[in-house]
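Asker: Sequence first, predicted model second:
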Protein chains: 2
Amino acid sequence: MSQQPANALAEQVYLRIKDEIFDFHLLPSDRFTETALAERYGVSRTPLRDALYRLKREGYLEVGFRSGWSVCPFDFVRFDELYDLRILIEINAVERLCQREADLPLAALKKTWLVTAAERETEPRRIAELDESFHCALVEAAGNREVSRVHAELTEKIRIIRRLDFLKEQRVDATYDEHAKLLRLILRRKSTEASILLRSHITQSKNEVRKITLHMLHEARATMQRVSTKTRAR
Amino acid sequence: MSQQPANALAEQVYLRIKDEIFDFHLLPSDRFTETALAERYGVSRTPLRDALYRLKREGYLEVGFRSGWSVCPFDFVRFDELYDLRILIEINAVERLCQREADLPLAALKKTWLVTAAERETEPRRIAELDESFHCALVEAAGNREVSRVHAELTEKIRIIRRLDFLKEQRVDATYDEHAKLLRLILRRKSTEASILLRSHITQSKNEVRKITLHMLHEARATMQRVSTKTRAR
DNA sequence: GCACCCCATGTTGAATACAAGAATGGGTTC
DNA sequence: GAACCCATTCTTGTATTCAACATGGGGTGC
């Protein structure tokens, strides 16, 4: 676990800040300074700045010249574009999988998603994680590492709103149903049907996301934090 | 020109190092230290490290824990994967353009590529730039900024070998012919034909790239440096 | 009462200083 | 002569210091 990696502190701080954004502890348009954050995390500004600039390049943060940092406000057009990119990549992955004659390495996914209603996960945060894993696994199974990398990055970028989707029970059920159906179609190499289903599956998420308002974000913030403290148990 | 941008030095150094890699001044597997590079560029290690870590995350450099930096060796499998991602993105862009009924914003491209043989550019480096611009412009015209961003990044990543393609005259001619043909197909909304042509166009580049050996790289290095000094005139 | 100006403070950008451990070379021993 | 061990040097990771300038508030002039 504690090997001796390069840039350990910066990496840790990077993950921590990103979590704070995803958990709504740092809200869009919140402002802060390097010194304040450095003190809060108990590190110097050097590794902190490394993390901040990384997050800036990834589109999470903005910095004003000698006038402090702020969390980027939500850009729903951008989320839309990310969802379209997601559709493009995932459909391509499914098509490639369906073209392959050899056995597909999807055993782990079958174990998670082809289960009875009683065995299904119910905790929203956990389901969001499983959902991410499902889609990432499909793309990775297609075998192009560069595509997987891009897909993993975009997965992170939509995580903050994707999580909200699973606060609604019917969305959880739909997810389980559609993942199971999609898996079966892929395993039987039904390329066209699988693509159609996948497109509609992702588009549904995209449409749910469009309904999100800033008011909902504040509500969700409370919910997520309750869930968060319960889960982390500390 | 000299506004007061954030992180000016780091950005400058970043571009400079990247150019050195693309121009084969820094060769794959070359090793160097932060101190040496900082002295060479006349900056301190702080902005330099920012640039180095950025290049590391982009896959150009590696760093050993307290044991120096090195330029990543060529990974031809990765180039293949990047070309496949490129095909995926660009074909999608062309399809979207063909679906659009309104006039397409491709006037600039027509001006550059629908020209007589006499008006064609001949300098390899310049043609490589034009080729990049052509493909990036197509993707940007499709209108998804996130897709454009990913495409721009992958364009940079294959630049180092793509340039070599245009050292051969017949490849230059083919590029002009195919770009012109592709543009005309898009303007007439011939989606299927355009996609087929584009796929074959990119695949040809991809296959040329596969022929590249490390021996060729050393030859190309000399050529590029000659061209480079001639062009830059300093 | 209002607008404007100046100065103190705060902020990031960059340079320097310090710490920890990896690599290297020389000396010693078998 | 070869292998091994130890100390020194070198390299990156992190903290601290210095510099330039944006910002905000208080005071002053009208």
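Answerer: Good, I have the coordinates. Residues are numbered from 1 along each chain as shown, chains lettered A, B, ... in the order given.
Asker: From now on I want contacts and neighbour counts done on CA atoms only, so please keep to that.
Answerer: Will do.
Asker: correct me, but A:Leu185 touches A:Ser195?
Answerer: No: A:Leu185 lies out of contact with A:Ser195 (Cα atoms under 8 Å); the separation is 9.4 Å.
Asker: and the two? which has more neighbours close in?
Answerer: For the pair A:Leu185 and A:Ser195, the greater number of neighbours falls to A:Ser195 (22 against 19), based on other Cα atoms under 10 Å in any protein chain shown.
Asker: got the angle for the longest helix along chain A vs helix B:76-99?
Answerer: Looking across chain A with DSSP state H, the single longest helix is helix A:76-99. Interaxial angle of helix A:76-99 relative to helix B:76-99 (axes from the mean of the first three to the mean of the last three Cα atoms, to 10 degrees): 120 degrees.
Asker: For the next helix or strand after helix A:76-99, buried residues please.
Answerer: Downstream of helix A:76-99, the first helix or strand assigned by DSSP states H and E is helix A:107-113. Within helix A:107-113, the residues that count as buried by 16 or more other Cα atoms under 10 Å in any protein chain shown are A:109, A:112-113.
Asker: Now the residue of chain A most remote from its centre. Its backbone dihedrals?
Answerer: What lies farthest from the middle of chain A is A:Arg66; by Cα atoms, centre = their mean that is 31.9 Å. Backbone torsions of A:Arg66, given as degrees, to the nearest 10, read phi 50, psi 30.
Asker: Any idea which residue is closest to the centre of chain A?
Answerer: Among the residues of chain A, the one closest to the centroid is A:Arg159, at 3.0 Å (Cα atoms, centre = their mean).
Asker: List the residues that contact that residue.
Answerer: A:Phe22 (Cα atoms under 8 Å, 6 or more residues apart in numbering or on different chains).
Asker: From B:Tyr14, how far out is it?
Answerer: 30 Å (Cα to Cα, to the nearest Å).
Asker: Ok, A:Arg163 next?
Answerer: Distance from A:Arg163 to B:Tyr14, by Cα to Cα: 36 Å.
Asker: Please apply the same query to A:Leu185.
Answerer: 47 Å.
Asker: near DNA strand D, which residues of chain A show up?
Answerer: When proximity is defined by Cα under 7 Å from any atom of the strand, chain A lies next to DNA strand D at A:6-10, A:42-47, A:65-67.
Asker: Adding distance to A:Arg149 and secondary structure, write these out as TSV.
Answerer: Formatted as TSV, those follow (distance: Cα to Cα, whole Å; DSSP: H, G, I helix; E, B strand; the rest coil):
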residue	distance to A:Arg149	secondary structure
A:Ala6	21	coil
A:Asn7	21	coil
A:Ala8	21	helix
A:Leu9	23	helix
A:Ala10	21	helix
A:Gly42	31	coil
A:Val43	30	coil
A:Ser44	30	coil
A:Arg45	29	helix
A:Thr46	27	helix
A:Pro47	24	helix
A:Phe65	31	coil
A:Arg66	34	coil
A:Ser67	34	coil
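Asker: Buried ones among the residues you listed?
Answerer: By 16+ other Cα under 10 Å, those give A:9-10, A:45, A:47 as buried.
Asker: Would you point out the most distant pair within those residues?
Answerer: A:Leu9 and A:Arg45 (10.9 Å; Cα to Cα).
Asker: And the pLDDT at the residue farthest from the centre of chain A?
Answerer: pLDDT for A:Arg66: 90.
Asker: do A:Ala8 as well
Answerer: Predicted confidence (pLDDT) for A:Ala8: 88.
Asker: Show me the strands in chain A, by range?
Answerer: A:31-32, A:61-63, A:69-71 (DSSP state E).
Asker: pLDDT on the first one, on average?
Answerer: Averaging the model's pLDDT scores along strand A:31-32 yields 96.
Asker: What helices and strands are in contact with it?
Answerer: strand A:69-71 (3 or more Cα pairs under 8 Å, 6 or more residues apart in numbering or on different chains; DSSP states H and E).
Asker: Could you report the distance from the residue nearest to the centre of chain A to A:Phe24?
Answerer: For A:Arg159 relative to A:Phe24 (Cα to Cα), the value is 12 Å.
Asker: again with A:Ile212
Answerer: Applying Cα to Cα to A:Ile212 and A:Phe24 gives a distance of 15 Å.
Asker: Comparing those two, which residue is more hemmed in?
Answerer: Remark: of A:Ile212 and A:Phe24, A:Phe24 carries more neighbours, 18 against 14, as counted by other Cα under 10 Å.
Asker: can you list the domains in chain A?
Answerer: Domain ranges of chain A: A:8-71, A:76-229, per automatic domain parsing.
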